[in-house]
Every structure is written in C-alpha cells, then in structure tokens.
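S.K.: Give me the fold of what follows.
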Amino acid sequence: MALSPMDVTRLAAVDTARAARVLDEVRSAALSGQRTPVAPRPVIGQSWERMLRSGVDPDHDFRSGLLSWEEVQRRRESSTLRQVLPVLREGLLSVADVAHHIMVVADEEGRVLWREGSPRVLRKADELGFEIGADWREEVVGTNGVGTPAVTRRPVQVFAAEHFVRSHATWTCAGAPITDPRDGRLIGVVDVSGPLETMHPATLAWVDSVAKLAEARLRETHLRSLERLRAVAAPVLARIDGRALVVDRQGWTAAVTGMPYTERLALPKSVSAGMRWLSALGRCSLEPLAGGWLVRAADEPVARSSSRIVLDLRGPRRWSVEVSGGAGSWTRELSPRHAELLYLLAVHRAGRSAADLARDVFGDPARTVTVRAEMSRVRRYLGPLLDHRPYRFTETVEVRTVLPDDPRDLFPHSTAPALGRRRRPGREA
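M.R.: Below you'll find the model as predicted:
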C-alpha cells in the first residue's frame with residue numbers, strides 16, 4: 001500500500017530512519033524527473049520547483065560569504081527583531097537545549113543574526129555553514145527552515161531529504177516568519193533546528209506560537225509608543241486651527257484635529273521637515289516632534305485627476321510604487337504580497353472582488369478575510385487612488401508597470417496561481 005505525504009509525516013514521528021529513507025527516494029525521483037513513490041508535501045514540492053527553476057545545485061551546497069562581525073552587529077542594532085529576542089529566548093531556548101535543538105533568528109534577507117542552544121548541535125550546524133552571518137535564503141541554500149518560510153510567509157517544517165541540497169538531509173528544522181504588525185512587512189524568521197533524530201511533529205506548532213507571541217509583543221510596544229506620542233500631541237494640536245494630525249515616524253496616527261481620524265498616513269520613504277505632498281492630504285507642512293511628526297494640511301485639495309502611479313517590479317525581491325501628482329511625488333517600497341496585489345489590479349483595470357483576488361493569490365476564493373486585511377493596508381498609503389467593491393485603481397489615475405526583461409523574473413518566488421499564468425515578455429505594460 002502506497003504511503004501518502006501525511007503517512008510519511010506520521011511515520012517520521014515513530015520511525016525517523018524509515019521516514020528519512022522514504023523521503024530520500026522521493027527526492028531522488030523528483031529531481032531525476034521520475035514518478036515519485038510518494039508525492040512530496042505541497043509546500044516542499046513547490047519549493048523544489050522554485051529551486052530547479054533558479055538553478056540551485058541539489059548535490060553540492062553553496063555558501064556565500066559570511067557577513068563581517070561589524071555588519072552583523074549593525075544589523076542587530078537596527079533590526080526590530082532585537083525587541084522580541086527576550087520573548088523568543090524565553091519561549092524556545094529552555095526546551096530547545098534539552099531536546100538537542102538550537103534556536104536561529106534570521107533577518108528579512110535570510111542572514112543569521114542570532115544562534116543559541118545546545119553546544120553540540122551548534123558544532124554540527126557549523127559543519128553545514130549554519131553560522132552567524134550566513135545567508136540562508138532559499139535561492140542560495142535550497143529548501144530550508146529559514147529561507148522557505150520567508151518565501152511562503154507561513155510556518156514550514158523541513159525534515160531530512162525534504163531539504164533540496166543533499167548535505168542538509170541529516171538535519172531537521174521548523175521555522176516561522178515574524179512580521180511587523182504595523183504594516184505586515186516581513187522582519188525575519190525564527191527557526192528551531194537539530195540533527196535528524198531530534199525531529200518531533202509538534203515542533204512546528206511550538207515555534208509558530210512563539211513567533212506569534214513575538215508579534216503580539218511588537219503590537220503592544222507600538223501601542224504604548226502611540227500613547228506616549230499622544231500625550232505630546234494634545235497640547236500642540238490644541239493651539240492649531242485647521243486640519244492637522246500627529247503621526248509617529250512610520251505614519252501611524254496618534255491624534256488629529258479639524259479632520260476625520262485616519263489610522264495611518266502614507267509618508268515619503270525619506271521624511272524631512274518642510275512642505276511636502278502627501279497622497280491623502282495634498283500639500284502639507286511637516287514639523288518634527290519627539291517620536292513623530294506634526295502634519296498640517298494646506299488649503300488646496302488633492303488633485304486626483306493628475307495622479308500617476310508607476311509600479312516598479314523589475315527586482316527579484318524589491319518592488320516599489322511611485323505616486324506623482326501636481327504638487328509632487330513620493331515612493332514606497334512594497335512587500336511581496338502588496339506588489340502582487342497591485343500588479344493584479346494594474347492588469348485588471350475593471351477591478352477584482354475580494355474572492356477574485358483570493359483565487360488569484362491563494363488559489364482559494366474563500367480566503368477573502370486575508371485579502372481584505374491586506375487591501376486595507378494598501379489603501380492606507382494609496383488612499384483615494386484606490387476604489388473598492390470591486391478593488392481597482394480609480395478611473396482618473398494613470399497606471400504604468402515596469403517589468404523585468406525576462407518574464408520568468410516577474411515574482412520568481414511567488415506561489416500565486418494567477419502570477420504563474422501572467423508572466424509574459426516585455427518591459428512595460
């Protein structure tokens with residue numbers, strides 16, 4: 001009787017060695033183009049397909065240069081992950097050490113910034129190049145518990161020969177992405193790894209729950225910072241006539257006067273004092289405050305009819321939207337999911353419902369709650385330039401997309417079904 005992927009998962013919990021042999025046969029058959037004895041789990045099979053397209057060598061591991069210690073320290077100091085290290089350590093390290101695991105924390109670029117746990121397992125990790133400063137992006141070292149969760153944006157356990165690169169098949173790992181609750185942007189991945197015999201099916205749920213605790217801590221920290229800024233804002237706004245608001249450095253609103261409350265104001269990537277053009281308010285005066293900005297709206301309205309949007313989708317991982325109008329322009333970097341959604345809206349100018357976008361992105365029209373949450377975040381910075389019911393760019397907005405020279409480079413790591421079908425030649429659309 002043939003085994004299913006779920007059977008192999010259960011088997012791994014009771015007979016690690018046999019499950020590893022089965023997965024080795026699956027991997028060998030898949031990479032040689034033969035029929036596999038068991039279908040790989042979808043998340044693993046999709047990752048293998050990405051690796052084959054990107055040219056990762058399955059039989060020889062590749063190690064890019066380690067970051068210098070100075071660069072590691074610089075990234076640690078600037079990373080939001082630093083704020084939640086106590087949560088990660090408290091939730092993972094005590095059990096990880098006893099279970100002969102290590103905890104690894106990597107930034108959004110897949111660079112290992114922290115690594116703690118069993119000394120014996122740390123030495124084994126060194127042999128795999130799983131070191132401080134190492135690059136564990138999926139396209140560099142293949143399917144793994146750091147790079148694959150960063151691409152899929154969900155928790156992933158990678159066991160034995162589910163790793164794409166053969167030398168990693170003696171290893172097991174479970175990783176979960178950590179996102180910034182303020183904007184949904186990926187800030188890093190936390191991973192628990194160890195030798196093959198340390199595999200446990202509950203590890204993934206454990207790591208994911210601790211990652212969610214870390215995100216909750218970030219949310220609490222953000223709310224406390226807004227409360228502090230609100231105390232600063234109250235006497236300032238009390239002396240102002242007209243429309244004004246106080247926002248933090250990321251544009252989240254602490255207080256308003258003379259205008260409806262808006263949760264977040266889209267700020268330019270590089271904010272400085274002076275007159276600026278903002279998509280939601282038009283011409284504004286920006287003045288620095290402790291922990292944020294005082295934004296005073298000028299009298300002239302936003303000229304929606306003259307707005308122009310350029311989606312730059314040329315990079316394999318970095319995308320941006322530039323908005324320009326009669327009074328100026330601003331640019332914002334996009335998360336992978338926001339870049340995908342805006343591209344789909346640029347392609348379908350007549351609009352897409354939440355169910356349409358859920359089918360396009362997830363292959364499941366029922367996932368409308370996720371789509372609506374993401375589109376709500378998009379509308380925080382594009383504001384009046386987007387309509388909803390259906391979601392679409394307003395008719396008065398000119399939209400231009402700048403695409404990569406090679407159509408295969410358009411969202412090469414995306415798992416969205418519609419984007420696999422939409423890749424096509426051409427630089428501009």
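S.K.: so where do the strands sit in the stretch 51-200 of the chain?
M.R.: Listed in chain order, the strands of the stretch 51-200 of the chain (DSSP state E, counting those that start in this stretch) span residues 102-107, 112-117, 156-159, 171-179, 186-195.
S.K.: Same check on the stretch 301-429 of the chain?
M.R.: Applying DSSP E, counting those that start in this stretch to the stretch 301-429 of the chain gives strands spanning 308-312, 319-325, 328-334, 386-387, 392-393, 398-402.
S.K.: mean pLDDT for these: which is lowest?
M.R.: If you rank the strands of the stretch 301-429 of the chain by mean pLDDT, strand 328-334 sits at the bottom with a mean of 76.
S.K.: Give me the neighbour count for residue 149.
M.R.: 32 (other C-beta atoms under 10 Å). C-beta: built from backbone N, CA, C; applies to glycine.
S.K.: can I get the strands of the stretch 51-200 of the chain in TSV with mean pLDDT, mean neighbour count and distance to residue 278?
M.R.: Converted to TSV, these look like this (pLDDT from 0 to 100; neighbours: other C-beta atoms under 10 Å; distance: least, C-beta to C-beta, whole Å):
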stretch	mean pLDDT	mean neighbour count	distance to residue 278
strand 102-107	96	26	30
strand 112-117	95	20	34
strand 156-159	93	28	39
strand 171-179	94	26	25
strand 186-195	94	25	25
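S.K.: can you tell which of these is closest to residue 420?
M.R.: strand 156-159 (19.8 Å; C-beta to C-beta).
S.K.: Packing partners of the closest one?
M.R.: For strand 156-159, the elements it packs on are helix 16-31, helix 147-152, strand 171-179, helix 203-238, judged by 3 or more C-beta pairs under 8 Å, 6 or more residues apart in numbering; DSSP states H and E.
S.K.: Distance to residue 413 added to those, as TSV?
M.R.: Putting the helices and strands packed on strand 156-159 into TSV (distance: least, C-beta to C-beta, whole Å) gives the following:
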stretch	distance to residue 413
helix 16-31	19
helix 147-152	5
strand 171-179	13
helix 203-238	20
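S.K.: weakest of the ones you listed in terms of mean pLDDT?
M.R.: Lowest mean pLDDT of the helices and strands packed on strand 156-159: helix 16-31, a mean of 81.
S.K.: could I have that helix exported to PDB, CA atoms only?
M.R.: C-alpha atoms of helix 16-31 as PDB (Å, rounded to 0.1, in the frame of the first residue of the first chain):
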ATOM      1  CA  THR A  16      12.700   8.600  11.800                       C
ATOM      2  CA  ALA A  17      15.100   6.400   9.900                       C
ATOM      3  CA  ARG A  18      12.500   4.800   7.700                       C
ATOM      4  CA  ALA A  19      10.800   8.100   7.000                       C
ATOM      5  CA  ALA A  20      14.100   9.600   6.000                       C
ATOM      6  CA  ARG A  21      14.700   6.700   3.600                       C
ATOM      7  CA  VAL A  22      11.300   7.200   2.000                       C
ATOM      8  CA  LEU A  23      11.900  10.900   1.600                       C
ATOM      9  CA  ASP A  24      15.300  10.300   0.100                       C
ATOM     10  CA  GLU A  25      13.600   8.100  -2.500                       C
ATOM     11  CA  VAL A  26      11.000  10.800  -3.100                       C
ATOM     12  CA  ARG A  27      13.700  13.500  -3.600                       C
ATOM     13  CA  SER A  28      15.900  11.400  -5.900                       C
ATOM     14  CA  ALA A  29      12.900  10.500  -8.100                       C
ATOM     15  CA  ALA A  30      11.600  14.100  -8.200                       C
ATOM     16  CA  LEU A  31      15.000  15.600  -9.100                       C
END
